[in-house]
Structures are given as structure tokens and as C-alpha cells.
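*Asks:* Generate a structure from the sequence data that follows.
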Amino acid sequence: MRQSIRPGGLLACLAATLTFGLGTGTGMAQTSQDNLPEMGTAAQETLSIDDENRLGRMVMREVRESGALLEDPEVGEYIQSLGLKLSSQAQDGGRSFNFFLIRDNAINAFALPGGFVGVHSGLLLETRNESELAGVLAHEVAHVTQRHIARGIEAQGRTSLLSTAAVLAAILMGAGGGSSDATMGAITAAQNMAVQSQINFTRENEYEADRIGIGVLANAGFDPNAMPAFFDTMFRRTQLGPDRVPELLRTHPVTSSRIAESKDRALQYPSAAVSDSLGYALTKERVRVLSAPRGTDARDYYAALGSNEADLSLAQTYGRALAQMVGGNAQGAIATFERLRTEYPQVMQFHTALGQAQLAAGETRAALETLERARNLAPRNVPVTVRYGEALLQAGRPKRAHEVLLDLFNNVPPSQEQIRLTAKAANAAGDVADAYSYMAEYHLMGGDLLLAINQLELALSVPSLTAQQRSKFVARLQELREWLPKERNRPKPPAEQAPGERQ
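*Replies:* Numbering: from 1, shown residues only. Below you'll find the model as predicted:
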């Protein structure tokens, strides 16, 4: 069985690994990543933006395969929307950002190479308002835009991208399936080096990320005081004993002088009374339910708030009904969701929750009606469309599910999970070649270039391809092969040539 450590501990290991490097190979199996370039010569030792993107995708693939991601369309839509609102203020328009949630009760957040920013469910639940959550994200965005990872590598010297990713994969996934002793050895080495990295680099990086992040926070319309306030709250926990130190402070060292400086920096911006969005409140309750530890029942949390619904906020009412649904009483949740949808028809989370509850209760026709109505109100809304696609699949209508999900795929940048669902619908509908092509995009987004190429080759092997499909797949396959140095000059076999192209 694979071993893994929660990504909560990844930040210290990541900082150490990227700052100091851990030598050459780690004994991992050879993959398409063998073809990734070295990070440069003595004259060019910094990661390029493309290298950062590759490394980030490689690490994200391991995180996804570990099962740590909380892949929920409603949660994903909110956290990505909030993150992009902040990153758009970071004066770095050439970068793309991807924000995601880790299912872990540790209070932590982290930035990976390539603009991947993760937040633990425990941190989101610990925030007292939306500006505090935005403050943490703004801080991580600043780590990315200031290229702290690349700067750390440059300070150490020449390191291969493959070696860096291999060590990260070993830390995440148990040394590539090796022994537990090898895994713990890699983790211990990285953690020991993290101590030195904090002395040499992390303190300076944290101060810089605070300074820039507070500006991003204020410019995005949030309370600039929220960032130092949240770190101050976390710092006070350290006074309660070592076992109460949040993971965030282990990976982002906080001192009283750093908090004081960030407070002074926040005072340079106009103070503003900022109200939380309903999306923040609803997402917080949704995460509370979906991330409840094994062996616990989220219904107990809401029962402790009181049996009278008048004592609950709108978001808590929504959360309690979600807890009912997840706890096996979908029928009991339907009435609450129907009332919320009627009272707040503009809130799409109430529509999708109702559709989910109806599906869980076996009311498939009612769920389709609910979600089709929501789709008419909010065309190409990601959670609505994904939930509608899922309902169509459950209703035995894969062709329609493929059409609906493909429309979203072609018009809104998809997540990996959306691509996987679109491929599932295409396969169920008998559109096998299309399903292979979607899975090629899925693996490409995950950083596995060879597997993406393999999926396109399988797509081209499907009988009775249309001329349009063949032309499309061949063009995409050629594009991907150009990224593999050893494939650049490989002649195309006749089977991959478009009609009229053969000699």
C-alpha cells in the first residue's frame, strides 16, 4: 500500500527541497518527465516560467492521486473565483493561477510552482471573515509572483527539475512505492533542511509576501488589516504550548516584529468596512460538512447550535440540510433546499443542493427539472452544469450529458475533474474517440505528457473516425510530440496522416 504524508507537511519539505536540492535521482520509475530540461547552467540557474508550470503540474498530479483534494464544483468555483479576484491585482498578467482546497483539518496554506495555491479546509474554517481568507490567499499569491521558489533554487545552485519533482513525489507518495524507511529518510532529510532554509530564505520571503499581499488585498476590495489580524490570532496560539502551534506557523514563521510591520503596512491603506459575501458563508458550511473527519457526523455540529431554525444563520441552515443529506437523510433535506431556492432564486448553490438531494433520494426526474431550470437561469455556470451532467448520466442520458458538458468545456476553462466527467459522459454515449481525446487533455493538465500522447494515439486507432476528428487529433498529437525532444524529428506513420496528406 502506498504511504503518504498529508500535504500540510509539504510546505516545509517543499521549501527545503526547492531551496537546497537533494542531489540526483531517487530511484523513481522513468516517466515522461525524464525529457524535462535541466534548470540551466551557471549563467542561468533560475527556473523558467515554463519549468515552474511543469513542476507544479507534476506535484499536483501526486497530490490529486493521494486523494487529498476536496474536488467539489461548488467549493472549487468559490475558491477559484476569490483567488482570481486577488491574483488579478498582483500585476502579473502573464501567469495563470489555480486555487484548490485540501481536505485536512490542519490550519495551513501553500503555494506550489506554476501558480498552484492550496488552502486546507481547517484554515478556511478557522477564518472569522472573508477578508482573513483573502489575506492568506493574497500572501500565497505574492509568493508566486515574487518567484520565491525560483529565487531559492538560484541561490543554491544548479538543480535538475526532474530531481526536484522526484523528491517531492517521494515525500508525497512514499518514495515511489519504496520502503517506509526510505520514505521517512527522505522526509527527515527535507525537514532538517527546512530549518536551515527558514534561517536563510524564508524570513525574507515572508516579509516580502506580507508587504505585497497586503497591497493585493486592499486593491481587491478587502480589509487590509485582516492579514495581520489572522496571523496575530495564530501567533497567540503558540503561547498555549507547542501542541497548539498551527501548521501555518511552522511553514510560515511569524514573529511579533513581523506582525507589527504588517500592521503598519496595512495602516497605509484606507480602512474599509467589508461585508462577507454569501458565497463565503455558504462555502464555509459546505466545507465543514464535506471535510468532517471519518467517524464523525456533521449533524452533531448543527444539533449543538440549537433545534430552532430561527437561531441559525442562512448559511448554517444550508449547512444543516447538507449534513442531513450527507448523513443519509436526503429526503429530509429536500424540503429545506426547496424553501431556500424559493426564497433566494438567484443563489445557485441552493439549486444545486436541491438537485443533489433529489438525486440522492432517488427522485431523478425532479432533479433533472431542478437543474435544467437552474441552467436556464445561469447558462454555463460551472457547478450547475456539472451537477446537471451528473444527473443526466444517472438518468441514463449520456448523449445529452456529453453535449451539455462539452459546451461548458469549449467555453469555460475546465478543471481536471470536469474534463474527467466529460470523458466519462462521452464514453458512456459511445463517443469513444472523443473520450480518449478528453483524457489526453486530462493527463496533459496533470503534467503527464507521455500518457496524454498515448490517449491521442488510442483516439486515432478508433474505427470510423470522421475526417474532422482525425485532423483535430493529428494536429494535437503533433503539437504534444514537439514538446518531447526525442520525438521532434520522428516521421508520422501513415495511420496518423490526414486524408489527402499521404504520399
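*Asks:* Where does pLDDT dip in this protein?
*Replies:* 1-47, 91-94, 150-201, 238-254, 485-503 (pLDDT under 70).
*Asks:* Tell me how it divides into domains.
*Replies:* Following the assignment in automatic domain parsing, the chain carries domains at 8-22+43-266, 295-396, 418-503.
*Asks:* Would you mind giving both backbone torsions of Leu112?
*Replies:* phi -110, psi 160 (degrees, to the nearest 10).
*Asks:* Show the contacting residues for it.
*Replies:* Contacts for Leu112 were tallied using CB atoms under 8 Å, 6 or more residues apart in numbering; they are Leu14, Leu55, Gly56, Val59, Met60, Gly118. For every residue, glycine as well, the C-beta is placed using N, CA and C.
*Asks:* Within its local environment, how many residues does the closest residue in space to Ser277 that isn't next to it in sequence see?
*Replies:* Closest residue to Ser277 apart from its sequence neighbours, by CB to CB, 6 or more residues apart in numbering: Glu130 at 6.0 Å. Using other CB atoms under 10 Å, Glu130 has 21 neighbouring residues.
*Asks:* Hmm, Glu130 is touching Tyr280, no?
*Replies:* Yes - the criterion here is CB atoms under 8 Å, and Glu130 meets it with Tyr280 at 4.0 Å.
*Asks:* Overlap of the contact sets of those two?
*Replies:* Leu82.
*Asks:* Serialize the domains of the chain to JSON lines and add fields for distance to Phe409.
*Replies:* What follows is the domains of the chain, written out as JSON lines (distance: least, CB to CB, whole Å):
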{"stretch": "domain 8-22+43-266", "distance to Phe409": "14"}
{"stretch": "domain 295-396", "distance to Phe409": "10"}
{"stretch": "domain 418-503", "distance to Phe409": "5"}
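*Asks:* Which of those sits closest to Val287?
*Replies:* Between Val287 and the domains of the chain, the tightest spacing by CB to CB is seen for domain 8-22+43-266, at 5.0 Å.
*Asks:* now, which of the contacts of Leu112 lie within strands?
*Replies:* Judged by DSSP state E, strands contain the following of these: Gly118.
*Asks:* In helices, which of the contacts of Leu112 appear?
*Replies:* Here DSSP state H is the test, and the contacts of Leu112 give Leu14, Leu55, Gly56, Val59, Met60 as lying in helices.
*Asks:* Quick check: the farthest pair among those residues?
*Replies:* Most distant of the ones in helices among the contacts of Leu112, by CB to CB, are Leu14 and Met60, 12.3 Å apart.
*Asks:* Pick out whichever of the two has more residues nearby.
*Replies:* Leu14 (27 against 22).
*Asks:* what ranges do the strands span in the stretch 351-500 of the chain?
*Replies:* With DSSP state E, counting those that start in this stretch, there are no strands along the stretch 351-500 of the chain.
*Asks:* quick one on the thing from earlier: next up, phi/psi of the residue nearest to Ser277, please.
*Replies:* phi -70, psi -30.
*Asks:* And for Phe100?
*Replies:* phi -150, psi 170.
*Asks:* Compute the number of surrounding residues for the nearest residue in space to Ala298 that is not next to it in sequence.
*Replies:* Nearest residue to Ala298, sequence neighbours excluded (CB to CB, 6+ apart): Ala323, at 3.9 Å. By other CB under 10 Å, 23 other residues sit near Ala323.
*Asks:* thinking Ala323 is in contact with Ala304, fair?
*Replies:* No - between Ala323 and Ala304 there is no contact under CB under 8 Å: 11.7 Å.
*Asks:* measure Leu86 to Ala209 for me?
*Replies:* 13 Å (CB to CB, to the nearest Å).
*Asks:* what's the answer for Gln416, then?
*Replies:* For Gln416 relative to Ala209 (CB to CB), the value is 27 Å.
*Asks:* Settle it for me: which of the two has more neighbours?
*Replies:* The residue with more neighbours, out of Gln416 and Ala209, is Ala209; 25 against 21, by other CB under 10 Å.
*Asks:* List the buried residues of the helix or strand hosting Val75.
*Replies:* Per DSSP states H and E, Val75 falls inside helix 73-87. For helix 73-87, the neighbour count (16 or more other CB atoms under 10 Å) marks 73-80, 82-87 as buried.
*Asks:* I'd like to know which of the ones in helices among the contacts of Leu112 is nearest to Asn205.
*Replies:* Looking at the ones in helices among the contacts of Leu112 and their distance to Asn205, the nearest is Leu14, at 12.5 Å (CB to CB).
*Asks:* before we move on, back to that, contacting residues around the residue nearest to Ser277?
*Replies:* Leu82, Phe222, Val274, Asp276, Ser277, Tyr280.
*Asks:* Most neighbours among these, please name it.
*Replies:* Those, ranked by neighbours (other CB under 10 Å): first place Phe222, 27 neighbours.
*Asks:* Next one: that residue from Phe100, what distance?
*Replies:* Following CB to CB, the distance that separates Phe222 from Phe100 is 20 Å.
*Asks:* And for Ala423?
*Replies:* 20 Å.
*Asks:* Is the residue minimising distance to the centre of the chain bridged to anything, and to what?
*Replies:* In the chain, the residue lying closest to the centroid (CA atoms, centre = their mean) is Phe100, at 2.7 Å. In this entry, Phe100 is beta-bridged to Gly118, by DSSP bridges.
*Asks:* List the residues that contact it.
*Replies:* When contacts are taken as CB under 8 Å, 6+ apart, Phe100 is in contact with Leu69, Leu70, Gly76, Ile79, Gln80, Phe116, Val117, Gly118, Val119.
*Asks:* between these, which is nearest Pro228?
*Replies:* Among the contacts of Phe100, and counting by CB to CB, the member closest to Pro228 is Val119, at 18.5 Å.
*Asks:* Give me the distance between that closest one and Phe110.
*Replies:* 8 Å.
*Asks:* With Ser262 instead?
*Replies:* 19 Å.
*Asks:* who's more crowded, the two?
*Replies:* Ser262 (26 against 23).
*Asks:* State the helix or strand in which the more buried one lies.
*Replies:* Using DSSP H and E, Ser262 falls within helix 256-266.
*Asks:* For that helix, output the C-alpha coordinates as CSV.
*Replies:* Extracted in CSV, the C-alpha atoms of helix 256-266 (Å, rounded to 0.1, in the frame of the first residue of the first chain):
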residue,chain,number,x,y,z
SER,A,256,6.0,39.8,16.8
SER,A,257,8.1,42.1,14.7
ARG,A,258,6.7,40.6,11.5
ILE,A,259,3.1,41.1,12.8
ALA,A,260,3.9,44.7,13.8
GLU,A,261,5.4,45.5,10.4
SER,A,262,2.4,44.1,8.6
LYS,A,263,0.0,46.1,10.8
ASP,A,264,2.0,49.3,10.0
ARG,A,265,1.8,48.3,6.3
ALA,A,266,-2.0,47.8,6.5
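*Asks:* elements contacting that helix?
*Replies:* helix 203-219, helix 226-237 (3 or more CB pairs under 8 Å, 6 or more residues apart in numbering; DSSP states H and E).
*Asks:* can you list contacts of the longest one?
*Replies:* For helix 203-219, the external contacting residues (CB under 8 Å, 6+ apart) are 86-87, 89-90, 131, 134-135, 138-143, 145-146, 148, 151-152, 223-224, 226-228, 252-254, 258, 261-262, 265-266, 269-270.
*Asks:* Weed out the non-buried ones from those residues.
*Replies:* 86-87, 89-90, 131, 134-135, 138-143, 145-146, 148, 151-152, 223-224, 226-228, 252, 254, 258, 262, 265-266.
*Asks:* how about stretch 57-75: buried residues?
*Replies:* Buried residues in stretch 57-75 (16+ other CB under 10 Å): 57-63, 66, 68-75.
*Asks:* Thanks a lot, catch you later.
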